[in-house]
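A.B. asks: Mind folding the following:
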Amino acid sequence: MDFFGQQEQARRQSRTLVLLFALAVLLIVASVNLALALLWAWANGQPLAAVAGYPRGFFVTNTVVTLALIGVGTLIQSWNLRDGGDAVARMAGGRPVEPATTEPGERRLLNVVEEMALASGIACPRVYLLDREDSINAFAAGHTPNQAAVAVTRGALTRLSRDELQGVIGHEFSHILNGDMRLNIHLIGVLFGIQMIAGFGRTLIDFGARVWGRRGRDEKGPPLQLVLMAAGVVLFVIGYIGIFFGRLIKAAVSRQREFLADASAVQFTRNPDGIGGALRKIGGLGSGAGAGSRIGHPNAEQLSHLFLGAALPRLAGGWLATHPPLAERLRRIYGRPMEPLAAPEIPPETPVPEPMLPDIPYFAPAAAAASAAPAAASTAAPTAAPGLATPHAAPASAPSKLPIALANAAHDPQAAGALVQALLLDAPPARDGQLQLLATIDAGSARMAGYLRRELDALPHSVRLPLLDLAAPALRQLTAPQRAALLDSCERLIAADGRVTLAEFVVQAVLQRRLGRHAGRAVPVRFTTPAALRAEAALLLSLLAQVTLRAQPAAAADSALPAFLRGAAACPELALAAADLRPAAAIDFADVRAALERVNQLAPLAKPALVKAWLAAASDAGGALLPASADVLRALCSAIDAPLPPALAAAYGGYDWSAG
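C.D. replies: Numbers count the residues shown, from 1 in each chain. The predicted model follows:
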């Protein structure tokens, strides 16, 4: 199966259908103008063609009011969904799954979601469970990849194997990574806006029924009461016709996106029996089309296009079908027809008690916490370029599994904050001053951060940054003041030694995108091609090239220029030359942050060209991605909400993230 070909075909068809949706709105505007023109001509006894007889601005007013109704309705619903995936999940009756849950089924679900998030390089989505739904279904929602939510029905949790559940989560991650979530939320808003026209028509009908004014003998034409009621009926009918065609186009968009997500799920998991088995069990659960994925919540129809399978049986076939037929989806996955599978509930696993986070960092005196483990020696290599030091080398005896203390800390909101602070602690003796500073803010956090830093020192460097993604759901549970306080403490830790190192910049860049004031908000598109950001691209490529130079043995390279030119060649439209390379001393991290903010305003389909250039600059002459450059590249991708390229995702593989 040509997965990439299927993805590109689905993208082209989806873009066409979105344009058709915009055309439907224009047709609604034209219909409203025509209908109201007929009513005006009828009410005033004039022929329809007598344009001069219409009041000045008649058609403009009709158009503005119609678009305003659609726009206001869309804004109202968009405001209701301002929390993105969390709001949509609550709208569907979802319950958030606590990151520290010990219930076996929920723990398995969280593990699968975390694995997929770490592999794709995005923040781990918040996970919700639809407790009252015994069917097999799921959806992903959100405005940006790093602030997404994934919701799964109770039936999917109890009836699917781990591989099948992984296939379902892979399907939903396709919606996250391919931009479907934002499109789906916009469709919810626009449909609500179109419905406002029908609602306004119903209001006119009710108002007209209450108008009882009498007419004089000399007045001509129908009474005002009848005119208002007729206008209301026209708008009501046009509104619901618009809703019908809106649902029709929404269903077509959803059908194409489901083919794309199925193909991506197989691509992510390398296992067609994952998503394939889940779809076969949907077909084998219950009787009748759509019964195996039925959603009983009152908002099921409004959210129908988000789900893995048809949320309502009546939407499982025909023009308004929100999903392709299961038989066709299975044929595309397997290349041949496949029969449904029985979907009995799988007996729950026996819960295995997990060791909890040691109490020492919270309750022990500072001296005891400091003596709990030997202080780690600095392994950072000094360089001539300020802030571009090579990251810590991996310990020779690094554990192959994530330590229990770090796993538990990543799933607890308060401990996750201390974990973030631990990532910013330097080697002694600078660490001592940072911990003293942190103790003036919160003594408990200082002890916790010091303890967790000693755990981090024993890990390979490639494991540390993904911990931020793993801790994302726990950090999102912090209140806005708590997030602001955490970011403030992190800035103070970074500024404690009067300089910003590369490692600190990387952590800070990820944190700002995850927890900053604008986290989760959709970024407006202001640039359509990378060429419009030539200066910013030169700065970011220079940063990666300088890091790549310092990450290689001295004999391998003596200049950052080859790495810079490799990146420039990977994106020819930038037209960068050797003269555009910036020396390390001229790279200021404040400029880098400003550049990333502008690059994040690049059109989504143009971002992969820049990521390709970054990847080339972060690799050595043989094309191998260097670990030191991988962290920087990961931070850059995170800052612009771009998924990791496969080569970068592979650089973080090979580690067992199950606590041990």
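A.B. asks: Backbone dihedrals for the residue nearest in space to the middle of the chain, please?
C.D. replies: The centroid of the chain falls nearest to residue 145 when counting by Cα atoms, centre = their mean (1.7 Å). Main-chain dihedrals, residue 145, degrees, to the nearest 10: phi -60, psi -30.
A.B. asks: How is this protein partitioned into domains?
C.D. replies: The record's domain parsing of the chain by automatic domain parsing lists 3-82+182-211+226-334, 85-178, 360-501, 530-651.
A.B. asks: So for the one helix or strand residue 592 maps to, mean pLDDT?
C.D. replies: Secondary-structure assignment from DSSP states H and E places residue 592 in helix 589-599. For helix 589-599, the mean per-residue pLDDT is 88.
A.B. asks: Please renumber the chain so that the first residue is 140 from this point on.
C.D. replies: Okay, using 140 as the starting number, the last item reads as helix 728-738.
A.B. asks: Quick check: which helices or strands does that helix pack against?
C.D. replies: Secondary structure elements in contact with helix 728-738, counted by 3 or more Cβ pairs under 8 Å, 6 or more residues apart in numbering; DSSP states H and E, are helix 641-654, helix 673-690, helix 766-778. All C-beta atoms are positioned from the backbone trio N, CA, C, and that covers glycine.
A.B. asks: What average pLDDT does stretch 552-563 get?
C.D. replies: Mean predicted confidence for stretch 552-563 is 89.
A.B. asks: what does stretch 654-671 give?
C.D. replies: 77.
A.B. asks: got it, and stretch 198-205?
C.D. replies: 86.
A.B. asks: May I see the buried residues of it?
C.D. replies: Of all the residues in stretch 198-205, those buried under the rule 16 or more other Cβ atoms under 10 Å are 198, 201-202, 204-205.
A.B. asks: Please flag which of the residues you listed sit within helices.
C.D. replies: Under the assignment DSSP state H, the buried residues of stretch 198-205 contribute 198, 201-202, 204-205 to helices.
A.B. asks: so residue 246 sits in a helix?
C.D. replies: Yes - assessed with DSSP: H, G, I helix; E, B strand; the rest coil, residue 246 lies in a helix.
A.B. asks: Against residue 266, how distant is it?
C.D. replies: Separation of residue 246 from residue 266 (Cβ to Cβ, to the nearest Å): 11 Å.
A.B. asks: Can you pick out the residue with more neighbours from those two?
C.D. replies: residue 266 (25 against 17; other Cβ atoms under 10 Å).
A.B. asks: Pull the contacting residues for the nearest residue to residue 580 once chain neighbours are set aside.
C.D. replies: Once flanking residues are discounted, residue 580 sits nearest to residue 628: 5.5 Å by Cβ to Cβ, 6 or more residues apart in numbering. Going by Cβ atoms under 8 Å, 6 or more residues apart in numbering, residue 628 touches 560, 577, 580-581, 584.
A.B. asks: Return a selection command, for use in ChimeraX, containing the buried ones of the residues you listed.
C.D. replies: To isolate the buried members of the contacts of residue 628 in ChimeraX, using 16+ other Cβ under 10 Å:
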select :560,577,581,584
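A.B. asks: Nearest to residue 387 among the contacts of residue 628?
C.D. replies: Of all the contacts of residue 628, residue 387 sits closest to residue 560, with 52.2 Å by Cβ to Cβ.
A.B. asks: Helix or strand for the closest one, just tell me which one.
C.D. replies: Using DSSP H and E, residue 560 sits in helix 552-562.
A.B. asks: Now do that helix and helix 641-654, the angle between them.
C.D. replies: Helix 552-562 and helix 641-654 are oriented at 150 degrees to each other (axes from the mean of the first three to the mean of the last three Cα atoms, to 10 degrees).
A.B. asks: Now residue 670: closest residue in space that isn't a chain neighbour?
C.D. replies: According to Cβ to Cβ, 6+ apart, the nearest residue to residue 670 is residue 712 (4.9 Å).
A.B. asks: Among the contacts of residue 628, which one sits closest to residue 614?
C.D. replies: Closest to residue 614, out of all of the contacts of residue 628 and judged by Cβ to Cβ, is residue 560, at 11.8 Å.
A.B. asks: Is residue 700 in contact with residue 717, as I believe?
C.D. replies: Yes - the pair residue 700 / residue 717 is scored as a contact, 5.9 Å apart, by Cβ atoms under 8 Å.
A.B. asks: The two: which has the busier surroundings?
C.D. replies: Set side by side, residue 700 and residue 717 give different neighbour counts by other Cβ under 10 Å, the larger being at residue 700 (13 against 10).
A.B. asks: list the contacts for that one?
C.D. replies: So residue 700 contacts 684, 717, 720 (Cβ under 8 Å, 6+ apart).
A.B. asks: before we move on, what about residue 401?
C.D. replies: For residue 401, the contacting residues are 310, 414, 418, 468, 471-472, by Cβ under 8 Å, 6+ apart.
A.B. asks: Buried residues, the helix or strand where residue 579 lies. List them.
C.D. replies: Element membership for residue 579, per DSSP H and E: helix 569-580. The neighbour-count check on helix 569-580 (16+ other Cβ under 10 Å) flags 570, 573-574, 577-578 as buried.
A.B. asks: Next one: residue 361, what pLDDT does it get?
C.D. replies: With respect to pLDDT, residue 361 has a value of 59.
A.B. asks: likewise residue 780?
C.D. replies: At residue 780, pLDDT is 78.
A.B. asks: Quick check, it in contact with residue 662.
C.D. replies: Yes - using Cβ under 8 Å, residue 780 is in contact with residue 662, at 7.4 Å.
A.B. asks: any shared contact partners between these two?
C.D. replies: 283, 739.
A.B. asks: Thank you, goodbye.
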